[in-house]
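S.K.: okay, predicted coordinates and the sequence, questions at the end:
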Amino acid sequence: MEQILLGAVSLGLLWSIMTLGVYISYRILDVADLSVEGSITLGAAICAGMITAGGNPVLALLIAFIGGMGAGLVTGLLHTKLGIPALLSGILTMIALYSVNLRVMGVSNVSLLRMPTVYTLIGELLGTSKTVSIMIAGSLVAFALVFILYWFFGTEIGSAIRATGNNPHMVRAQGINTDTAIILGLMLANGLVALSGGLIAQSQNYADVQMGVGSIVIGLASLIIGEVLFGRHGFKSRLLSMVFGAITYRIIIALVLRLGMPADDLKLFTAITVALALSLPRFSAYLDTIKASLKGGRRHA
Amino acid sequence: MLKITGLTKVFNPGTINEKIALDQVDLHLRPGDFVSVIGGNGAGKSTLLNCVAGVYRQEAGSILLDGQRLDRLPEHKRAKHLGRVFQDPLMGTAADMEIQENLALAARRGGFRGLSWGVTASEKAEFHTRLAALGLGLEERMSVKVRLLSGGQRQALTLLMAILKTPKLLLLDEHTAALDPKTARAVLALSDRFISDLGLTCMMVTHNMRDAIAYGNRLIMMSQGRIILDVNGGDKKKLTVEELIQMFSTKSGEEVMSDRMLLG
């Protein structure tokens, strides 16, 4: 059981970086960006390709981040400069990336068994087990990113991106190019998602062209869990709540699997959870009207 | 300073819903002009302001500001020269950002935005003074999200943001129409104070004829995409609402003005 929990926490840390990316596109930019499904695999593919070719695993992560930014750039250009709706732009990039990822990997599944990864490097350095190495690397990257993102979104450019997601009319009236702000935000978001994909591939010792399927829903589930369970006050606590949300999601999944849910039903389970969570505002509004009418009825009686 | 020549804007051209919103409009503003713009619904008042601001591209004509072709610039580049306040109090501010963050965005209008901190300490001190001058107590709530402010407070904040970096031209698009009468008067008085203190050139669209007469040194009346009346200085001061209604029916050939225009 302890082993299962540790595994869930370490996996959650790696996915939390993806969740931070989803937070940027979905919450800050107010764009449902589906290209993340492709960019998470892109990050994995780049790492697998570079490591099997004898490249440095850390450098591979950096290249994965840059590759993800490229994917975000494409989605951003499709949306802002060509006027394609955001959702469709993301889908187009996602589909295109499927082919790109196959090209990068050469085959649909690349094994990294017995090859150097960031975790074997940490293991050699500190003598830690693989799970612990994953936790060290995951928390290091995740919390460093929370810090960097907190700083970035406090800067002039970061403020402009936040305002763009909030009220593009006002932003243009204040002399900010909303196209540029959206593109920058999507690049950063997809860069983080690809970085997360690279870290995940190195931890599971393989990259698979299918591994991104449904990842946006996992990201959203983690995001909502984070927002509901952990602090919503202040930007820093919101970013931290993304990390804890991703970890909690993994723990929940580990528990329901432990309780005997077939792994094949996982995606259905996650989708239903997200649908319920996203519809909560509607339900609570409905409940409020019922409550109000009950109260009113009693008063008249 | 603002020279509009032959400005024409057509919505849905070539379709059954074609609508000529601006029809060969010529308008020349002198520095320091404070023009109130009145007219019925669909007269083209807001379209005129939006064409100047760059929300819409015109079909024909030109807009020059201090000799520079404004109409060739995208909206965000024109913003360098323009301060804008909208009819909808929600439109001028970012709701999920703090009061001081909104002001800081406005303080950088037309300037460079890099990786320095979004709101500096010296700016906070300046914002405190500027907000205190509004008399709404907002200076004590600078780190509060704008979402929590009332419509009037948001509109006052938008106004302050519009003039924080002195604009060449201030565009007020029915900026008091969505407020209750008392708040509307306060925001209008504040606008007037900013305009006279800073010697701003301003175009103010309004539905309220009394306000149009009371504020500004010049009044233009629009109907069906054209300017049908342009009154200046002393003549404007002597205008009455009755005379304006009279002029409207003779000039435009329309008998009835919209209720909103009379009652507003």
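M.R.: That came through, no problem.

S.K.: in the chain, where's the longest helix?
M.R.: The chain I'm using is chain A. helix A:266-300 (DSSP state H).

S.K.: chain B was what I was after
M.R.: Longest helix in chain B, counting residues (DSSP H): helix B:181-198.

S.K.: in it, what's buried?
M.R.: B:T183, B:A184, B:A186, B:V187, B:L188, B:L190, B:S191, B:D192, B:F194, B:I195 (16 or more other C-beta atoms under 10 Å in any protein chain shown). C-beta: built from backbone N, CA, C; applies to glycine.

S.K.: I'd like to know which elements the helix or strand that that helix is followed by is packed against.
M.R.: Tracing the chain past helix B:181-198, the next element assigned as helix or strand by DSSP states H and E is strand B:201-205. The contact analysis (3 or more C-beta pairs under 8 Å, 6 or more residues apart in numbering or on different chains; DSSP states H and E) places strand B:201-205 against strand B:34-39, helix B:45-53, strand B:169-173, helix B:181-198.

S.K.: can you list the low-confidence ranges for the chain?
M.R.: Looking at chain A here, since you left the chain open. In the predicted model of chain A, residues A:296-301 satisfy pLDDT under 70.

S.K.: wait, chain B
M.R.: Low-confidence segments of chain B (pLDDT under 70): B:254-264.

S.K.: around chain A, pick out the residues from it.
M.R.: Within reach of chain A by C-beta under 8 Å from any C-beta of the partner chain, chain B has these residues: B:53, B:74-77, B:79-80, B:82, B:84, B:86, B:90-97, B:101-102, B:104-106, B:108-111, B:113-119, B:161.

S.K.: show the buried residues in these.
M.R.: So, by 16+ other C-beta under 10 Å, the buried ones in the residues of chain B next to chain A are B:53, B:75-76, B:79, B:82, B:84, B:86, B:90-97, B:101-102, B:104-106, B:108-109, B:113, B:118-119, B:161.

S.K.: now, these that are in helices?
M.R.: Those of these lying in helices (DSSP H): B:A53, B:E75, B:H76, B:E101, B:N102, B:A104, B:L105, B:A106, B:M161.

S.K.: can you tell me, leaving aside adjacent residues, what's nearest to the last one?
M.R.: This points to B:M161. Spatial nearest neighbour of B:M161, chain neighbours left out: B:A106 (3.6 Å); criterion: C-beta to C-beta, 6 or more residues apart in numbering or on different chains.

S.K.: so what's the one you found up against?
M.R.: Counting by C-beta atoms under 8 Å, 6 or more residues apart in numbering or on different chains, B:A106 touches A:Q174, B:L160, B:M161, B:A162, B:L164, B:K165.

S.K.: hmm, the fourth one is touching B:H81, no?
M.R.: In other words, B:A162. No. B:A162 is beyond contact range of B:H81, at 11.8 Å (criterion: C-beta atoms under 8 Å).

S.K.: between those two, who's got more neighbours?
M.R.: For B:A162 versus B:H81, the count of surrounding residues by other C-beta atoms under 10 Å in any protein chain shown is larger for B:A162: 27 against 20.

S.K.: in space, what's closest to the more buried one - neighbours in sequence excluded?
M.R.: Distances taken as C-beta to C-beta, 6+ apart place B:G83 nearest to B:A162, at 3.2 Å, with adjacent residues excluded.

S.K.: for that neighbour, give me its contacts.
M.R.: B:M161, B:A162, B:I163, B:K165, B:P167, B:L169, B:L170, B:L171, B:L200.

S.K.: again, only using 6 Å
M.R.: Contacts of B:G83 were listed using C-beta atoms under 6 Å, 6 or more residues apart in numbering or on different chains, and they are B:A162, B:I163, B:P167, B:L170.

S.K.: so can I have TSV of the contacts of B:A106 showing distance to A:I247?
M.R.: Below are those laid out as TSV (distance: C-beta to C-beta, whole Å):
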residue	distance to A:I247
A:Q174	38
B:L160	43
B:M161	40
B:A162	45
B:L164	43
B:K165	45
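
S.K.: can you pull out the strands in the stretch 101-250 of chain B?
M.R.: B:169-173, B:201-205, B:218-223, B:226-232 (DSSP state E, counting those that start in this stretch).

S.K.: figure out which of these is closest to B:T15.
M.R.: Set against B:T15 and scored by C-beta to C-beta, the strands of the stretch 101-250 of chain B come closest in strand B:226-232, at 22.1 Å.

S.K.: against which helices or strands is that closest one packed?
M.R.: Contacts defined by 3 or more C-beta pairs under 6 Å, 6 or more residues apart in numbering or on different chains; DSSP states H and E place strand B:226-232 against strand B:218-223, helix B:241-252.

S.K.: give the buried residues for stretch B:58-72.
M.R.: Residues B:Q58, B:G61, B:I63, B:L65, B:L70, B:D71 are the ones in stretch B:58-72 that count as buried (16+ other C-beta under 10 Å).

S.K.: any idea how far B:A43 is from B:D23?
M.R.: B:D23 sits 11 Å away from B:A43 when distances are taken as C-beta to C-beta, to the nearest Å.

S.K.: between the two, which is the more surrounded one?
M.R.: Taking other C-beta under 10 Å, B:D23 and B:A43 do not tie; B:A43 has more neighbours (25 against 16).

S.K.: spell out the secondary structure type for the more buried one.
M.R.: Recorded secondary structure, B:A43: coil (DSSP: H, G, I helix; E, B strand; the rest coil).

S.K.: ok, now which ones touch the closest residue to B:T47 other than its chain neighbours?
M.R.: Closest residue to B:T47 apart from its sequence neighbours, by C-beta to C-beta, 6+ apart: B:A21 at 4.2 Å. Neighbouring residues of B:A21 by C-beta under 6 Å, 6+ apart: B:K9, B:F11, B:G44, B:T47, B:G225.

S.K.: separate out the buried members of those residues.
M.R.: B:K9, B:G44, B:T47, B:G225.

S.K.: nearest to A:R282 among these?
M.R.: Each of these was scored against A:R282 by C-beta to C-beta, and B:T47 proved nearest at 37.1 Å.

S.K.: related to what we said a few turns ago, reformat the buried residues of helix B:181-198 as CSV; add distance to A:D288.
M.R.: Shown next, in CSV, are the buried residues of helix B:181-198 (distance: C-beta to C-beta, whole Å):
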residue, distance to A:D288
B:T183, 29
B:A184, 32
B:A186, 34
B:V187, 33
B:L188, 37
B:L190, 37
B:S191, 39
B:D192, 43
B:F194, 42
B:I195, 45
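
S.K.: about what we covered before: and the longest helix of chain B, what does it pack onto?
M.R.: Counting contacts by 3+ C-beta pairs under 6 Å, 6+ apart, helix B:181-198 packs against helix B:151-164.

S.K.: who wins on neighbours among the contacts of B:G83?
M.R.: Each of the contacts of B:G83 was scored for neighbours by other C-beta under 10 Å, and B:A162 scores highest at 27 neighbours.
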